[in-house]
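Asks: Build me a model from this:
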Amino acid sequence: MTTIDESSPRKAPATPGAIEANGINVIKESERKGTPAELFWPWCASNISVLAVSYGAFVLGFGIGLWQGLIAAFVGAVASFLLVGLVSIAGKRGSAPTLTLSRAAFGRAGNTLPCLVSYVLLVGWETVLVALSTLATATVFERLGWSHGDGTKVAAFVVVALVIVGAGIMGFELIMRLQKYLTIALIIVTAVYVALTVDHIHLDTAKALPTGTTQSVIGAAILVMTGFGLGWVNTAADYSRYLPRKASSAGVVWWPTFGGSLPVVLLVAYGILLAGSSESLSAAIGSDPIGALTTILPTWFLLPFAIVAVLGLVSGAVMDIYSSGLTLLTLGLPTPRWVAAAIDGVLMVAGAIYIVFYADSDFVVIFEAFLIILGVPMAAWCGVFLADLLMRRRDYDEESLFTGAGIYGRFRVSSVLFMVLGTAVGWGLVIDTTGAGKHLGWLGYFLDGITVDIGSFHHTWFDLGGTGGGWAYANLGVPVALAIGFVGYLVFGFVGVRRQERELRDRTSTTDTAAVNA
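Replies: Prediction:
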């Protein structure tokens, strides 16, 4: 078995055939190519999914009105993919995967914490998307009068899993080409879907939805933020690391933001209009988010809809399995990248089998509980990572990314501290809104406020109404965790980053002087 020599960050293991050779090594200058505009395709393709239409029902589930829902969808999508665009800058500057570059902020050993959170999040998303694809296929086949039940689910499951694992193993070049073609196909079929279902929209009914509270609108926006862009921040640099260092930073931010948020805004808005026009459709989406959308389609369009709907989910899962493989390597697994992707595929298959064939709860229950609990620490990490990126005036030191003895060290206390603190505070400001997540009743411990009771002095600060109040469903813990990570590390990590920059400058000057003398 070929292993990765991390002491030489420019080296990549040999791989058979057209399989991508690069793992977490720094991409060679000769291999960097393309333009920021090419980032539009992977982010657009992975988010043109009918699952986004289903989010319209999830947004209205907060008890808000039509215009409130549309505003929440726009703000949540754009804000979350802006974070993806900002993290993408690191890939251009460092030419390495996201979680490998995270070592600069956390240290070689300290980076294990965000790597573990990221890995669980990515494998979880892979599992969710495969399960959705399988359930949607079974629903469509049943409507067509073809075989259905476990046999159909098994067949759909095998095909979907093979495509995802195969693409993850092949790597970057195949994924980027695949996403471009998928984007075009998904746009066409989605447009046809809208044309065939637009008569199910009743604007008068949707406009009559009662207006919700400010807390509910914020909660809906954060749900969109957590379910889409925030779920991708830990992978953003994985797809920008092949760009030349001279590529426009503004373009690197713009194209992922535009490509990711455009389909989400349009599709969630359309889903809001559909769900707001029919209570029965909105309820059906809860148990089968994609299959329920086929109930308003003519029979002749079911098969093309199923194929492209599944491909949309596959598109997202392919990006997840690729990045989860890179994360596994960053954790220290001594294998080539394609082997790591295959290992992730095994975990994905096992998890999807459980959801499809054994889980006894509605899918949306498991899905939302999953997003709530992991969205908070990922937001805290993102805050730290962006603060670190903002403070660095020089490109990453390549050698130090792959050794604990470099300028980044083994453990950065400030970054780990604020990720943990952000997570602890964030979990105290969210609850399991599904009410069905097992062992999650401890969440929301700060919603009752902070009470100081000393002798005759008794006072409560920041009382948000408890776990039954309006703010309980606003998921405030996500943006609060992001802010704590960003501001905390910006203040307390500044001195350390400046010291690293001086060491890197001095080392570069010494090297240049030696080269001149030679």
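
Asks: which of the residues in the longest helix seen in the chain are buried?
Replies: In the chain, taking DSSP state H as the definition, the longest helix is helix 112-144. Neighbour-count burial for helix 112-144 flags 112-115, 117-141, 143 (criterion: 16 or more other CB atoms under 10 Å). The C-beta positions use only the backbone N, C-alpha and C, and glycine is treated the same way.

Asks: what about the next helix or strand after that helix, distance to the chain center?
Replies: Scanning forward in sequence from helix 112-144 by DSSP states H and E, the next helix or strand is helix 150-170. Computed by CA atoms, centre = their mean, to the nearest Å, the chain-centroid distance of helix 150-170 equals 21 Å.

Asks: cool, stretch 474-493 as well?
Replies: Offset of stretch 474-493 from its chain centre (CA atoms, centre = their mean): 18 Å.

Asks: average pLDDT across it?
Replies: Average pLDDT, stretch 474-493: 93.

Asks: cool, and stretch 304-312?
Replies: Stretch 304-312 carries an average pLDDT of 78.

Asks: buried stuff in it?
Replies: The neighbour-count check on stretch 304-312 (16+ other CB under 10 Å) flags 305, 306, 308, 309, 310, 311, 312 as buried.

Asks: Please tell me how far the fourth one sits from residue 293.
Replies: In this case it means residue 309. Separation of residue 309 from residue 293 (CB to CB, to the nearest Å): 8 Å.

Asks: How about the third one?
Replies: Plainly put, residue 308 is 12 Å away from residue 293 if you go by CB to CB.

Asks: One more: the first one?
Replies: The spacing between residue 305 and residue 293, counted by CB to CB, is 8 Å.

Asks: And the fifth one, by the same measure?
Replies: The span separating residue 310 from residue 293 equals 13 Å under the rule CB to CB.

Asks: same deal with the last one?
Replies: If you measure residue 312 against residue 293 using CB to CB, the figure is 12 Å.

Asks: now the second one
Replies: Taken as CB to CB, the spacing of residue 306 relative to residue 293 amounts to 11 Å.

Asks: ok so residue 460 is a strand residue?
Replies: Yes - under DSSP: H, G, I helix; E, B strand; the rest coil, residue 460 falls within a strand.

Asks: who does it bridge with?
Replies: Per DSSP bridges, the residues bridged to residue 460 are residue 451.

Asks: Next, count neighbours for it.
Replies: Applying other CB atoms under 10 Å, we find 11 residues neighbouring residue 460.

Asks: pretty sure it is touching residue 453, no?
Replies: No - using CB atoms under 8 Å, residue 460 is not in contact with residue 453, being 9.1 Å away.

Asks: which residues do the two both contact?
Replies: Counting by CB atoms under 8 Å, 6 or more residues apart in numbering, no residue touches both residue 460 and residue 453.

Asks: Sketch out the low-pLDDT regions of the stretch 401-518 of the chain for me.
Replies: 434-438, 508-518 (pLDDT under 70).

Asks: what about 50?
Replies: Applying pLDDT under 50 to the stretch 401-518 of the chain flags residues 515-516.

Asks: just so I have it, where are all the strands in it?
Replies: All strands of the stretch 401-518 of the chain, identified by DSSP state E, counting those that start in this stretch, fall at 450-454, 457-461.

Asks: so which of these gets nearest residue 495?
Replies: With CB to CB as the measure, strand 450-454 is the member of those nearest residue 495 (29.7 Å).

Asks: From the contact counts, what lies against that closest one?
Replies: Counting contacts by 3 or more CB pairs under 8 Å, 6 or more residues apart in numbering; DSSP states H and E, strand 450-454 is packed against strand 457-461.

Asks: which outside residues touch the strand it packs on?
Replies: 448, 449, 450, 451, 452.

Asks: Let's have those in CSV, adding distance to residue 180 and neighbour count.
Replies: As requested, the contacts of strand 457-461 are arranged in CSV below (distance: CB to CB, whole Å; neighbours: other CB atoms under 10 Å):
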residue, distance to residue 180, neighbour count
448, 51, 16
449, 51, 13
450, 51, 11
451, 56, 11
452, 58, 9
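
Asks: Out of those residues, which is nearest to residue 93?
Replies: residue 450 (40.0 Å).

Asks: pretty sure that closest one contacts residue 462?
Replies: Yes - look at residue 450 against residue 462 with CB under 8 Å: they come within range, at 5.9 Å.

Asks: got the contact list for residue 301?
Replies: Residue 301 neighbours (CB under 8 Å, 6+ apart): 192, 193, 196.

Asks: Name the nearest of those residues relative to residue 339.
Replies: Relative to residue 339, the closest of these is residue 193; by CB to CB it sits at 38.6 Å.

Asks: and the nearest residue to the closest one once chain neighbours are set aside, how far is that from residue 84?
Replies: With CB to CB, 6 or more residues apart in numbering as the criterion, residue 193 has its nearest non-adjacent residue at 6.2 Å, and that residue is residue 305. Going from residue 305 to residue 84 by CB to CB gives 28 Å.

Asks: now swap in residue 396 and tell me
Replies: Counting by CB to CB - residue 396 and residue 84 are separated by 19 Å.

Asks: The two: which has the busier surroundings?
Replies: For residue 396 versus residue 84, neighbours defined as other CB under 10 Å are more numerous around residue 84 (29 against 24).

Asks: Now do the same contact list for that one.
Replies: 43, 229, 232, 233, 236, 256, 257, 260.

Asks: between those residues, which is nearest residue 250?
Replies: Minimum distance to residue 250 across the contacts of residue 84 is 10.6 Å, recorded for residue 257 (CB to CB).

Asks: Just the pLDDT at the residue most central in space within the chain, thanks.
Replies: Centrality entry for the chain: nearest residue to the mean C-alpha point is residue 231, 1.8 Å, by CA atoms, centre = their mean. Predicted confidence (pLDDT) for residue 231: 85.

Asks: which ones are touching the nearest residue to it once chain neighbours are set aside?
Replies: Leaving out its chain neighbours, the residue that sits closest to residue 231 by CB to CB, 6+ apart is residue 125, at 6.3 Å. Listed by CB under 8 Å, 6+ apart, the contact set of residue 125 reads 231, 316, 317, 320.
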